[in-house]
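**Q** Predicted structure and sequence below. I'll ask about it afterward.
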Amino acid sequence: MKNLFKLLFVLVGFVQVSNAQLGNDHVKWNTKIEYSKDFATIIFEATIESNWEIGPVYLPENCMANPTVFKLTKSKDFELIGKLIEPKPHSEFDEVIDEVVAYHVGKPVFKQKIKILNKKDFVLKYNYEFTTCQINANCLPPYATSGSIKVKGNPNAEKDNVSNEIDTTKAAITDNKAPAKNQEAVKNSTETKIKKKEDKKSNHTPWGIFIGAFLSGFLALIMPCVFPMIPMTVSFFTKRSKTRALGIRNAFLYGSSIILIHVLLGAIVVITGTQDLLNKWSTDPIFNIFFFLMLFVFGLSFLGAFEIQLPAKWTNKADEKADKGGVIGIFFMALVLSLASFSCTGPLLGTLLGELARAGGGSNLMIGMFAFGLALAIPFMLFALFPSWLNSMPSSGGWLNVVKVFLGFIEIAFAFKFLSSADTTMQWHLLEREIFISIWIALFGTLAMYLLGKIRLPHDSPVEKLSVGRTMMATLTLAFTLYLIPGLWGAPLNLVNAYLPPSFYAESPQGLGGGGTAKANEGGEHVEGMHEGPQGIPAFNDYDKALAYAKKVNKPLFVDYTGWGCTNCRRMEATVWGKPGVIEHLRDDVVIVSLYVDERTELPKSEQKTIKLNGSDFPIVTIGNKWTAKQIEEYETASQPYYVLQTPDGKDIPIGSADYQNHSDPKVFQAWLEKGLKK
């Protein structure tokens, strides 16, 4: 078990270390030397990839960034002359993060003069550290490296001169009377800058994933298949153990085994690289239809239509192993619990895997599976420590069935989200916005009636009186149902808009009666390829047509990498695009092109081809393939939403990109837009 846990931590560490090694991919260094009598100048030439930057050696006042640090290894062969010279960095005040930003782009050259103190040739060793950032966007971890260069001896040199280690950055800061910021201060300021961005967290941050998965695990605990097993299992451990300490140890082993079983599933996904496949599946119609059917069937089973059980031989096999005792026996008892509770935890675990697939990343998947297993395991550990608690637990009964039915309705409601993703991706127009909202109104309205005792399902007992908790849940459900109704007439429904089909994917894009958003390019000229986009704003779906129109009207191009099945894209369109101060710019000052990376329409045969992408063959067959390749080739990312501003001739405006994680605040997004428009 120890070796398995070590393997899991190594896998997570490998993912993180692999990401950390990317720092040097965007900057290439060349070192050379120039001589002048008794002196030499060490020249460090950087070649920085387009749209990337590194920090300056000397930080301006109020600049929160990682400096580029050069350090020459101590030697008696030379001494430092003056400070390190760098070209003047770009410097500006960034209104988005409210601080000075200084950086180098292109091919900056750094020079350090030395006096040669050795008559013989010698090797000068050096190291430097730098941080690469996408311009006005995210930064990669600091990258440290070292090197050496051969220096010719100085015939006029003396033999007795000894110099100490030279840190050119520290010396230069003193000589230049720059702010006295040591490395720790810089580190703290950088962490403050990062924290500012992380204050606007999405559910796909590691902590967001952990909390969401942990709550899913707790939901599984109160399911009828799991809840009754808590006192039974803990009681079994405490009775079979000779001492209370041994009982506690066994219970902890049991809980750890539950966690391990779930994390092993995540580890298998990481080892086999299946998370990449899951990412592709997250917008794949077949994947979404599968999850719709799975959640719908499980939802019906929760309502009492039938009971789902795994084959008896599976659980019997595991039960035979559990009888052997010891650590292996305890592990197989945990496996029995996992298999026996599958009919209840399966839907929750399936939903979790679906969401983790959308989040992407091997470490995210393992964090989620660990959190889910931890939530299941904690009660067994706590009740082993405090056996008296068992007497105070409510017995399983009617209230657990109410919970099960409640979750059944929720499962069915969210099942339609997966079906909607498949429908919008394939453009079937079977589940347009009004139909989707109508289904939810019917589901949650029925749930409200059930909670009020007006409807009884197969496993329910007669309801003589309602508890306060059940009454409040019924009231909230009824209020939510009433909230949904105006959505049929074009109301934005911001609370749940991310889960609904987009407003333009509807029978009546302006809402029933035409009271919704404005029509695309209303009152203006008809433009080929333009249609009504999010918030009723005119938009293109073809990059070339949009660029031609941008040139014609001399407006910047707003490139929106999006997806039909992208939940965060819908969130941005619903909660950011339509806000005052943002919608005016998007409607009047830019030309929008929305490139759907999951668009399944096939390209003409003449345009279909296979290209090399990240060293692998990438077939371009559909329109979505074309936009996916374009995004990866130009921006080295495949996440959506991803926004870029370009000049009317198609060149990126140097303000970096915008995305859901860092720009979901309308004011931040507005500041980013206005900065680009100003440039």
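**A** Thanks, I have it. Residues are numbered from 1 along each chain as shown.

**Q** What distance do you get for residue 574 to residue 133?
**A** Remark: distance between residue 574 and residue 133 (Cβ to Cβ, to the nearest Å) = 30 Å. Every C-beta, even on glycine, is put in place using the N, C-alpha and C of the backbone.

**Q** for residue 561, phi and psi?
**A** Main-chain dihedrals, residue 561, degrees, to the nearest 10: phi -80, psi 120.

**Q** err, residue 41, not the other one
**A** Per-residue torsions, residue 41: phi -120, psi 120 (degrees, to the nearest 10).

**Q** Would you confirm that it contacts residue 109?
**A** No. Taking contacts as Cβ atoms under 8 Å, residue 41 lies outside contact range of residue 109: 10.6 Å.

**Q** Number of residues surrounding residue 142?
**A** Residue 142 has 17 neighbours, counted by other Cβ atoms under 10 Å.

**Q** My read is that it contacts residue 66, right?
**A** Yes. Counting by Cβ under 8 Å, residue 142 does reach residue 66; the two are 5.9 Å apart.

**Q** what's the domain layout of the chain?
**A** By the assignment in automatic domain parsing, the chain contains the domains 23-197, 206-395, 530-678.

**Q** Going by residue numbers, what spans are strands in the stretch 401-550 of the chain?
**A** With DSSP state E, counting those that start in this stretch as the criterion, the stretch 401-550 of the chain has strands at 530-532, 538-540.

**Q** okay, those strands, which one's buried deepest?
**A** strand 538-540 (a mean of 23; mean count of other Cβ atoms under 10 Å).

**Q** And that strand, what does it pack against?
**A** Secondary-structure packing of strand 538-540 (3 or more Cβ pairs under 8 Å, 6 or more residues apart in numbering; DSSP states H and E): strand 530-532, strand 591-596.

**Q** out of the strands of the stretch 401-550 of the chain, nearest to residue 668?
**A** Residue 668 lies closest to strand 538-540 among the strands of the stretch 401-550 of the chain, at 22.0 Å (Cβ to Cβ).

**Q** now what about that closest one, what contacts it?
**A** Contact with strand 538-540 is made by 520-521, 524, 527, 529-533, 546, 549, 560, 587, 591-594, as judged by Cβ atoms under 8 Å, 6 or more residues apart in numbering.

**Q** Would you mind listing which of these are buried?
**A** Among those, those classed as buried by neighbour count (16 or more other Cβ atoms under 10 Å) are 520-521, 527, 530, 532-533, 546, 549, 560, 587, 591-594.

**Q** how close does the residue lying closest to residue 206 once chain neighbours are set aside get to residue 662?
**A** Once flanking residues are discounted, residue 206 sits nearest to residue 367: 5.6 Å by Cβ to Cβ, 6 or more residues apart in numbering. Separation of residue 367 from residue 662 (Cβ to Cβ) stands at 21 Å.

**Q** try residue 44
**A** Using Cβ to Cβ, residue 44 is found at 31 Å from residue 662.

**Q** ok so, going back, out of the strands of the stretch 401-550 of the chain, which gets nearest to residue 428?
**A** Closest approach to residue 428 among the strands of the stretch 401-550 of the chain (Cβ to Cβ): strand 530-532, 17.8 Å.

**Q** For that closest one, name the packing helices and strands.
**A** strand 538-540.

**Q** pLDDT on the strand it packs on, on average?
**A** On average, the pLDDT along strand 538-540 is 92.

**Q** Helices of the stretch 1-150 of the chain, start to end?
**A** 2-20 (DSSP state H, counting those that start in this stretch).

**Q** Could you list the low-confidence segments of it?
**A** 1-24, 61-65, 94-99, 136-138, 141 (pLDDT under 70).

**Q** And the strands in it, which stretches?
**A** With DSSP E, counting those that start in this stretch as the criterion, the stretch 1-150 of the chain has strands at 27-36, 39-48, 52-54, 69-72, 78-85, 90-94, 99-103, 109-116, 122-130, 132-134, 143-151.

**Q** quick one: which of these is nearest residue 424?
**A** Using Cβ to Cβ as the measure, strand 132-134 is the one of the strands of the stretch 1-150 of the chain that comes nearest residue 424, at 30.0 Å.

**Q** Identify the residues contacting the closest one?
**A** With contact meaning Cβ under 8 Å, 6+ apart, strand 132-134 is reached by 23, 26-27, 48, 51-55, 103, 139-140, 143, 656-657.

**Q** just stretch 469-483 next, same as before
**A** 402, 406, 441, 444-445, 447-448, 451-452, 466, 493, 495.

**Q** now, which of those residues lie within helices?
**A** Of the contacts of stretch 469-483, the ones assigned to helices by DSSP state H are 402, 406, 441, 444-445, 447-448, 451.

**Q** are any of these buried, and which?
**A** 402, 406, 441, 444-445, 447-448, 451.

**Q** Which one of these is nearest to residue 555?
**A** Nearest to residue 555 out of these is residue 441 (Cβ to Cβ; 40.6 Å).

**Q** ok, that closest one touching residue 496?
**A** No. Taking Cβ under 8 Å as the definition, residue 441 is not a contact partner of residue 496, at 11.7 Å.

**Q** residues in contact with residue 111?
**A** Taking Cβ under 8 Å, 6+ apart, one finds 41-44, 84-86 in contact with residue 111.

**Q** follow-up on the earlier one: local confidence estimate at the residue nearest to residue 206?
**A** On the pLDDT scale, residue 367 is placed at 81.

**Q** before we move on, what about residue 624?
**A** 90.

**Q** what residues are up against it?
**A** Contacts of residue 624 (Cβ under 8 Å, 6+ apart): 596-601.

**Q** Residue 581 too?
**A** Residue 581 touches 666-667, 670, counting by Cβ under 8 Å, 6+ apart.

**Q** quick revisit: any common contacting residues for residue 142 and residue 66?
**A** Here residue 142 and residue 66 share the contacting residues 130-131, scored by Cβ under 8 Å, 6+ apart.

**Q** Quick check: closest non-adjacent residue to residue 412.
**A** Distances taken as Cβ to Cβ, 6+ apart put residue 299 closest to residue 412, at 3.7 Å, once the chain neighbours are dropped.

**Q** which SSE is the one you found in?
**A** In the assignment (DSSP states H and E), residue 299 maps to helix 285-302.

**Q** looking just at contacts, which helices and strands does that helix meet?
**A** Helix 285-302 packs on helix 342-359, helix 398-426, going by 3+ Cβ pairs under 8 Å, 6+ apart.

**Q** Which element is encountered next along the chain beyond the first one?
**A** So that's helix 342-359. helix 362-385.

**Q** In terms of secondary structure, what does that following helix contact?
**A** So helix 362-385, by 3+ Cβ pairs under 8 Å, 6+ apart, packs with helix 2-20, helix 206-221, helix 229-240, helix 244-272, helix 274-281, helix 342-359.
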